[in-house]
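S.K.: sequence first, predicted coordinates after that:
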Amino acid sequence: MLAILFAMGASAAQAATTCTLYVDGTVGNDANSCTAPGIGSACRTIQAALNKAPRVSAAGFRAAVDALGTSFALLDTPATRFGPNRFTGPDAVRAMTFDRGCTCYKYTSGPLRVP
């Protein structure tokens, strides 16, 4: 996620500010928000893992992500599952399509399990 911000030309300070805005809920709480798709979820995942980290290190962060299990909810994902060798999060997704009438995305399915 931070790599995306840096690739967009953001400085370290701008990237940190963007994450802070998403984490504290200032922006990104609208399910239809397309200003930076996925960045809010990535920031919240990082924050949740760091809050559980036994120590600030790569190993501590990895252990914390593994410990999230199914307890962490993402705004745009109906179900999540983290654990050893499973650190991308989504356990279920929903199909959606762009609706020209409202110029927004609408779900076209219920939750679909991710293997």
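M.R.: Cool, the structure landed.
S.K.: what's the single longest strand in this protein?
M.R.: strand 86-93 (DSSP state E).
S.K.: buried sites along that strand?
M.R.: Within strand 86-93, the residues scored as buried using 16 or more other CB atoms under 10 Å are 86, 89-91. Where you see a C-beta, it was placed from the backbone N, CA and C, and this is true even at glycine.
S.K.: over to stretch 44-58?
M.R.: Judged by neighbour count (16+ other CB under 10 Å), stretch 44-58 contains these buried residues: 44-46, 48-49, 52-53.
S.K.: next, give phi and psi for residue 97.
M.R.: Geometry field for residue 97 lists phi and psi as phi -140, psi 160, criterion degrees, to the nearest 10.
S.K.: quick one, what contacts it?
M.R.: The neighbourhood of residue 97, defined by CB atoms under 8 Å, 6 or more residues apart in numbering, consists of 105-106, 108.
S.K.: over to residue 78?
M.R.: The neighbours of residue 78, taking CB under 8 Å, 6+ apart as the test, are 92-94, 111.
S.K.: again, only using 10 Å
M.R.: Listed by CB atoms under 10 Å, 6 or more residues apart in numbering, the contact partners of residue 78 are 90-94, 107, 110-113.
S.K.: residue 62 reaches residue 84, doesn't it?
M.R.: Yes: contact status for residue 62 versus residue 84: in contact at 9.2 Å, counting by CB atoms under 10 Å.
S.K.: in terms of neighbours, single out the busier of those two.
M.R.: Remark: of residue 62 and residue 84, residue 62 carries more neighbours, 14 against 9, as counted by other CB atoms under 10 Å.
S.K.: would you agree the more buried one falls within a helix?
M.R.: Yes: read with DSSP: H, G, I helix; E, B strand; the rest coil, residue 62 is one of the residues of a helix.
S.K.: give me the distance between it and residue 112.
M.R.: Here residue 62 is placed at a distance of 28 Å from residue 112 (CB to CB, to the nearest Å).
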